[in-house]
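Engineer: quick one, what's the 3D model for this:
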Amino acid sequence: MNVVILAAGMGKRMQSALPKVLHPLAGKSLLSHVIDTARTLSPSRLCVVYGHGGDMVPQRLESSDIAFVKQDPQLGTGHAVMQALPHLADDMPTLVLYGDVPLTKVSTLQQLLDIAEGNKLSVLTVNLDNPAGYGRIVREQGSIARIVEQKDATEAERAICEVNTGIMVAPTAKLKQWLATLSNDNAQGEYYLTDIVACAVADEVPVVSAQPEAVWETLGVNSKVQLAELERVHQRNTADAMLEQGVTLADPSRIDVRGTLTYGRDVSIDIGCIFEGTVDLGDNVTIGAHCVIRNARIADGANIKPFCHIEDAIIGAQSVIGPYARLRPGTELAEDVHVGNFVEIKNSQIAAHSKANHLAYIGDATIGSRVNIGAGTITCNYDGVNKHRTVIEDDAFIGSDTQLVAPVRVGKGATLGAGTTLTTNAPEGKLTVSRARQTTIESWKRPAKIKK
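Structural biologist: Numbering: from 1, shown residues only. Below is the predicted model:
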């Protein structure tokens, strides 16, 4: 099977310098959605016809299995498919898709391929209450005779509610013959791909049709309004699938999955959460409201409290994070680690049963088990040029408002007194304190306010 994806449109209504097909839906471009769907069908040839935006499209989506062909000038859908013909094998059918129609199901396309049987022209149609703007499916004695574009349709033809989605499967050798006969003698002065239907009828090639399960499978994006509408359709479909698989969602209309989210049993997700990249949630994981989680693995029983930001991190089983915690790339937490409000961790490993419950920065650190990090503690890991590492061994206690000036090591079971600035290693099992001795100035008086 050949697949041709038409992605050359300008998208003026998007009001953007970015080519329409590169605008994101659920974290990846519209065109990427269509390419991924096409790949699921295992095509022998995959060709993308681009135009608007210069070489931005092939640069962003370059891949060894895709042939990119430029349409310049852009003279209609029929002309666009003509540009792809050198890349299409004659001995297999060609599926035509659109780079701005991102939500078509694989099952729908497979149905279209099945009814084509390799030698028929099959067209995906849909019935709309308001068909304005779409090409109408004109039938004679129940069979498709032609497709008439809105601007060329008669009043009677405009009353037809069955419309063309543009998605079709054609026998390739015939497709090449039909495209060679197209004319641009129409209201838009373009070469319409839909005119091949009349060619097929004239050649006595059967024209058959299929319809999708839902209209949204065929909807394209021509404006930011339509993009936002399809985003919500996609997110609601994703949420419904999660509910069917046992995930508890506080409100399925208030979750965004912008990548791949996998999950175990008895997972609960509160409102306003965003999942980006690849996120894996274990069994009995709880995600509080308004968390943003990107490229993370969260193990069984972990509790992520509201307003946490987690990126490129691993969180161990039964850990408790937040609220208002930020775990940056390179964070690896073992089981039963507690990270509280306004704690930031970056490129650090924390072993089991340790805790940093409030107002701390841990960067480029290796922390052992059962360590307590007091409030206000920071690792001073950056000297303005290079990053340095802090090591805190098992059972250490770090008092509040401590600064650990890396590279430095805190020995096993060591205690650092509150307010300590540690610049050399702290021995294990000992109390280390670095602060001025407290004094009281007996003769000091608070200044009196001068009256004006």
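
Engineer: quick one, longest helix in this protein?
Structural biologist: Across the chain, the longest stretch assigned as helix under DSSP state H is helix 224-244.

Engineer: just checking, what packs against that helix?
Structural biologist: strand 24-25, strand 248-249, strand 255-263 (3 or more CB pairs under 8 Å, 6 or more residues apart in numbering; DSSP states H and E). For the C-beta atoms, the positions are set from N, CA and C on the backbone; glycine is no exception.

Engineer: next, the buried residues of it.
Structural biologist: Judged by neighbour count (16 or more other CB atoms under 10 Å), helix 224-244 contains these buried residues: 227, 230, 231, 233, 234, 235, 238, 239, 242.

Engineer: pull the contacting residues for the third one.
Structural biologist: Shown in contact with residue 231 (CB atoms under 8 Å, 6 or more residues apart in numbering): 25, 26.

Engineer: please redo it, this time with the cut-off set to 10 Å
Structural biologist: By CB atoms under 10 Å, 6 or more residues apart in numbering, residue 231 lies in contact with 24, 25, 26, 102, 221, 256, 258.

Engineer: what secondary structure does residue 201 sit in?
Structural biologist: Put simply, residue 201 is helix when judged by DSSP: H, G, I helix; E, B strand; the rest coil.

Engineer: that one is in contact with residue 207, isn't it?
Structural biologist: Yes - under the criterion of CB atoms under 10 Å, residue 201 makes contact with residue 207 at 6.2 Å.

Engineer: the longest helix of the chain vs strand 255-263, what angle?
Structural biologist: 40 degrees (axes from the mean of the first three to the mean of the last three CA atoms, to 10 degrees).

Engineer: how about helix 224-244 as CSV, C-alpha atoms only?
Structural biologist: Extracted in CSV, the C-alpha atoms of helix 224-244 (Å, rounded to 0.1, in the frame of the first residue of the first chain):
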residue,chain,number,x,y,z
LYS,A,224,-7.2,28.1,16.2
VAL,A,225,-10.8,27.7,17.2
GLN,A,226,-11.0,24.4,15.3
LEU,A,227,-7.7,23.3,16.8
ALA,A,228,-8.9,24.0,20.3
GLU,A,229,-12.1,22.1,19.6
LEU,A,230,-10.3,19.0,18.4
GLU,A,231,-7.9,19.2,21.3
ARG,A,232,-10.8,18.8,23.7
VAL,A,233,-12.3,16.0,21.6
HIS,A,234,-9.0,14.1,21.7
GLN,A,235,-8.5,14.8,25.5
ARG,A,236,-12.0,13.6,26.3
ASN,A,237,-11.5,10.5,24.2
THR,A,238,-8.3,9.8,26.1
ALA,A,239,-10.0,10.4,29.5
ASP,A,240,-12.9,8.1,28.6
ALA,A,241,-10.4,5.3,27.7
MET,A,242,-8.7,5.8,31.1
LEU,A,243,-12.0,5.6,32.9
GLU,A,244,-12.9,2.4,31.1
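
Engineer: average pLDDT for that helix, rounded please.
Structural biologist: For helix 224-244, mean pLDDT rounds to 97.

Engineer: ok now it, how far from the chain's centre?
Structural biologist: 12 Å (CA atoms, centre = their mean, to the nearest Å).

Engineer: just to revisit the earlier point, in the contacts of residue 231, find the pair that's most separated.
Structural biologist: Greatest spatial distance in the contacts of residue 231: 221 and 256, 17.5 Å, computed using CB to CB.

Engineer: looking at the two, which has the bigger crowd around it?
Structural biologist: Neighbour count, other CB atoms under 10 Å: between residue 221 and residue 256, residue 221 has more, with 27 against 19.

Engineer: ok, that one touching residue 16?
Structural biologist: No - the pair residue 221 and residue 16 fails to qualify as a contact (CB under 10 Å) at a distance of 11.6 Å.

Engineer: which neighbours do these two share?
Structural biologist: With CB under 10 Å, 6+ apart, residue 221 and residue 16 have common neighbours residue 23.

Engineer: need the helices for the stretch 151-300 of the chain, in chain order.
Structural biologist: All helices of the stretch 151-300 of the chain, identified by DSSP state H, counting those that start in this stretch, fall at 155-158, 172-180, 196-202, 224-244.

Engineer: for the first one, name the packing helices and strands.
Structural biologist: If you count contacts as 3 or more CB pairs under 10 Å, 6 or more residues apart in numbering; DSSP states H and E, helix 155-158 packs onto strand 136-140, strand 143-148.

Engineer: out of residue 201 and residue 207, which sits in the busier spot?
Structural biologist: Legend: neighbour count by other CB under 10 Å for residue 201 and residue 207, higher for residue 207 (23 against 17).

Engineer: rebuild the helices and strands packed on helix 224-244 as a markdown table, extending it with mean pLDDT.
Structural biologist: Listed next are those as a markdown table, based on pLDDT from 0 to 100:
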| stretch | mean pLDDT |
| --- | --- |
| strand 24-25 | 98 |
| strand 248-249 | 98 |
| strand 255-263 | 97 |
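
Engineer: now render these as JSON lines, adding distance to residue 284.
Structural biologist: Formatted as JSON lines, the helices and strands packed on helix 224-244 follow (distance: least, CB to CB, whole Å):
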{"stretch": "strand 24-25", "distance to residue 284": "31"}
{"stretch": "strand 248-249", "distance to residue 284": "11"}
{"stretch": "strand 255-263", "distance to residue 284": "10"}
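
Engineer: which one, of those strands, ends up nearest to residue 445?
Structural biologist: Closest to residue 445 of those is strand 255-263 (CB to CB; 60.1 Å).

Engineer: okay, now the sheet partners of that closest one, with direction.
Structural biologist: Strand pairing for strand 255-263, determined by DSSP bridges: strand 273-281 (parallel).
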